[in-house]
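**Student:** Return atomic coordinates for the entry below.
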Amino acid sequence: MYYLILLGQLIASGTHIISKDLATRISPPTILFYRALIASIFFFIITKIFNSHRKIEKVDYKYFVILAILNIPINQFLFLVSIKFTTAPNVALAYALSPIFVFILAHFFLNESASTIKFIGIAIAVSGTILLLTEKGIKLDSIGLLGDILAIIASMAWALYTLLGRKITQKYGSIYSTSISMQLGFLFYAIIYLFLPNKDNPLNFSAIEWVEILYLGVITSGLSYILWYMALKRIEASKVSVFNNLQPIFTTILAIIFLNQAITTIFIFGGIAVILGVYLTQKE
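**Tutor:** Sure, this is the predicted structure:
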């Protein structure tokens with residue numbers, strides 16, 4: 001099972017690299033439109049294959065709407081915009097913070113208990129994040145800083161999606177819950193996309209670009225999500241989430257290989273602080 005978790009982390013790390021490459025040639029709004037469309041079709045087919053359809057109770061309609069908005073129009077949109085402006089490893093580190101955001105939300109809004117070691121972990125992770133942000137200088141007109149901030153907001157949105165989705169996933173199953181949030185999220189985003197200017201023409205996409213978009217839609221939004229829940233069925237959630245700490249490492253290695261990116265000393269120390277902080281928040 002652990003090799004499946006590692007595979008999932010490699011897929012997620014590859015997502016940062018591919019998204020960065022795509023965003024240099026295609027606008028993030030256009031990338032998201034076709035990624036979300038493909039993911040919606042993928043999960044529609046998977047739902048039919050596994051016959052995982054459920055009748056949604058009226059009381060849960062609002063939760064599916066909230067999850068759909070958090071998933072695509074907010075989380076995935078901000079992810080693609082942020083990665084256009086900043087580096088792939090920086091975005092990966094921002095998403096490595098999501099378990100901390102989940103913990104903070106659960107502690108203050110769901111009254112979940114917290115130990116001293118968890119608060120120490122939060123402090124260390126926040127310190128590492130601040131270090132990374134200050135590397136580019138605190139200038140409001142800095143594109144790189146804007147990208148980092150958007151990535152952190154996207155990570156917060158994913159944390160809220162994860163927290164609110166726990167109950168829904170337990171009630172309706174992971175595949176069906178994800179399918180509805182993907183399809184409904186795509187519908188909401190498609191309405192917004194119609195009014196956006198300067199949309200890229202898909203007829204001008206190269207074969208490589210279509211392969212990359214398919215990767216984001218099928219492999220990232222589809223396969224990696226299924227692998228994640230397969231792991232959660234067999235291994236404690238706290239232990240599985242620790243593997244998220246590998247994602248910034250894998251992304252950095254891939255960025256060096258495929259994007260010829262130079263890694264700074266500040267990034268290394270800031271990254272270590274973030275990963276250590278997240279690890280401490282997962283300790284019992």
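**Student:** all contacts plus neighbour counts: C-alpha atoms, from now on.
**Tutor:** Fine.
**Student:** Point out the other helices and strands that the helix of greatest length in the chain packs with.
**Tutor:** As assigned by DSSP state H, the longest helix anywhere in the chain is helix 143-172. Judged by 3 or more Cα pairs under 8 Å, 6 or more residues apart in numbering; DSSP states H and E, the packing partners of helix 143-172 are helix 61-69, helix 77-85, helix 88-96, helix 98-109.
**Student:** repeat that for 10 Å
**Tutor:** Applying 3 or more Cα pairs under 10 Å, 6 or more residues apart in numbering; DSSP states H and E, we find helix 143-172 packed against helix 61-69, helix 77-85, helix 88-96, helix 98-109, helix 116-135, helix 174-194.
**Student:** mean confidence score for that helix?
**Tutor:** For helix 143-172, mean pLDDT rounds to 87.
**Student:** if we can go back for a sec, need the winner for burial among the helices and strands packed on helix 143-172.
**Tutor:** helix 88-96 (a mean of 27; mean count of other Cα atoms under 10 Å).
**Student:** My read is that Lys171 contacts Ser177, right?
**Tutor:** Yes - the criterion here is Cα atoms under 10 Å, and Lys171 meets it with Ser177 at 8.8 Å.
**Student:** residues bridging contact with the two, i.e. touching both?
**Tutor:** Arg54, Ile56, Gly165 (Cα atoms under 10 Å, 6 or more residues apart in numbering).
**Student:** Determine how far stretch 152-159 lies from the middle of the whole chain.
**Tutor:** Distance of stretch 152-159 from the chain centroid (Cα atoms, centre = their mean, to the nearest Å) equals 8 Å.
**Student:** what's the spacing between Ala88 and Phe50?
**Tutor:** 35 Å (Cα to Cα, to the nearest Å).
**Student:** go on, Phe119?
**Tutor:** 41 Å.
**Student:** what does Lys62 give?
**Tutor:** In terms of Cα to Cα, Lys62 sits 25 Å off from Phe50.
**Student:** For Ile117, which non-adjacent residue is closest in space?
**Tutor:** Spatial nearest neighbour of Ile117, chain neighbours left out: Leu280 (6.4 Å); criterion: Cα to Cα, 6 or more residues apart in numbering.
**Student:** how many neighbours does Ile275 have?
**Tutor:** Here the number of neighbours of Ile275 (other Cα atoms under 10 Å) works out to 24.
**Student:** Can you say which helix or strand has it in it?
**Tutor:** helix 265-281 (DSSP states H and E).
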